[in-house]
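Q: Quick one, what's the 3D model for this:
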Amino acid sequence: MIILLVIISLCVGILIGGYLFSQSQPRSFLAINCCQSCLTHEDLLGLLASVAIQKFPGLMPFKVLETDKTVVIKHPFSSDRIHYVIVPKKDIKNIGEISEANAQYLTDVFFVARWLIEREKLSKYHLYTNGPGSQDVTYLHFHLVAE
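A: I've put the predicted structure just below:
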């Protein structure tokens with residue numbers, strides 16, 4: 001009876017994991033021959049961010065705004081007066097991996113940024129993204145920062 005319960009729990013876990021990670025980009029946990037593509041701390045955070053943004057955006061802390069293609073959160077640890085993180089709901093690792101299929105998500109990011117700029121009446125601000133070597137989380141996101 002216990003073995004049957006363990007097998008059922010394992011199958012349910014595999015099904016739930018498959019659902020949660022179904023729309024995430026592949027990221028290698030193990031690389032047998034070469035560990036240059038092993039899952040880094042940033043990649044793991046990106047994988048978890050992908051699941052949270054795509055499956056559970058309503059549960060994100062510090063959420064300011066959500067559209068069908070974008071989520072905006074207020075950066076919780078910033079020293080700047082205004083610091084929003086604008087995240088597309090499509091799993092894109094970094095700006096070097098965008099494709100034509102991502103255009104609608106990126107367009108929405110910029111319209112959301114415009115809305116925030118108008119709402120906050122900003123005239124001096126920075127809107128930027130970091131490259132792969134500078135990301136704390138391997139998931140494309142933009143920062144809207146004003147002093």
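
Q: thought Tyr65 was touching Pro57?
A: Quick fix: residue 65 is Leu, not Tyr. No: at 10.6 Å, Leu65 does not count as touching Pro57 under the criterion of Cβ atoms under 8 Å. Where you see a C-beta, it was placed from the backbone N, CA and C, and this is true even at glycine.

Q: Helix or strand, whichever it is, which one in this structure has the lowest mean pLDDT?
A: helix 2-20 (a mean of 69; mean pLDDT, DSSP states H and E).

Q: After that helix, which helix or strand is next?
A: Using DSSP states H and E, the helix or strand that follows helix 2-20 towards the C-terminus is helix 41-55.

Q: how far does that following helix sit from the chain's center?
A: Counting by Cα atoms, centre = their mean, to the nearest Å, helix 41-55 is centred 6 Å from the centre of its parent chain.

Q: In PDB, list the C-alpha atoms belonging to it.
A: Coordinates of each C-alpha in helix 41-55 appear next as PDB, following Å, rounded to 0.1, in the frame of the first residue of the first chain:
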ATOM      1  CA  HIS A  41      22.000  30.600  -9.400                       C
ATOM      2  CA  GLU A  42      20.700  33.200 -11.900                       C
ATOM      3  CA  ASP A  43      19.200  30.500 -14.200                       C
ATOM      4  CA  LEU A  44      17.400  28.800 -11.300                       C
ATOM      5  CA  LEU A  45      15.900  32.200 -10.300                       C
ATOM      6  CA  GLY A  46      14.900  32.700 -13.900                       C
ATOM      7  CA  LEU A  47      13.200  29.400 -14.100                       C
ATOM      8  CA  LEU A  48      11.300  30.100 -10.900                       C
ATOM      9  CA  ALA A  49      10.400  33.600 -12.200                       C
ATOM     10  CA  SER A  50       9.100  32.100 -15.400                       C
ATOM     11  CA  VAL A  51       6.800  29.800 -13.500                       C
ATOM     12  CA  ALA A  52       5.600  32.600 -11.200                       C
ATOM     13  CA  ILE A  53       5.000  35.100 -14.000                       C
ATOM     14  CA  GLN A  54       3.300  32.700 -16.400                       C
ATOM     15  CA  LYS A  55       1.200  30.600 -14.000                       C
END
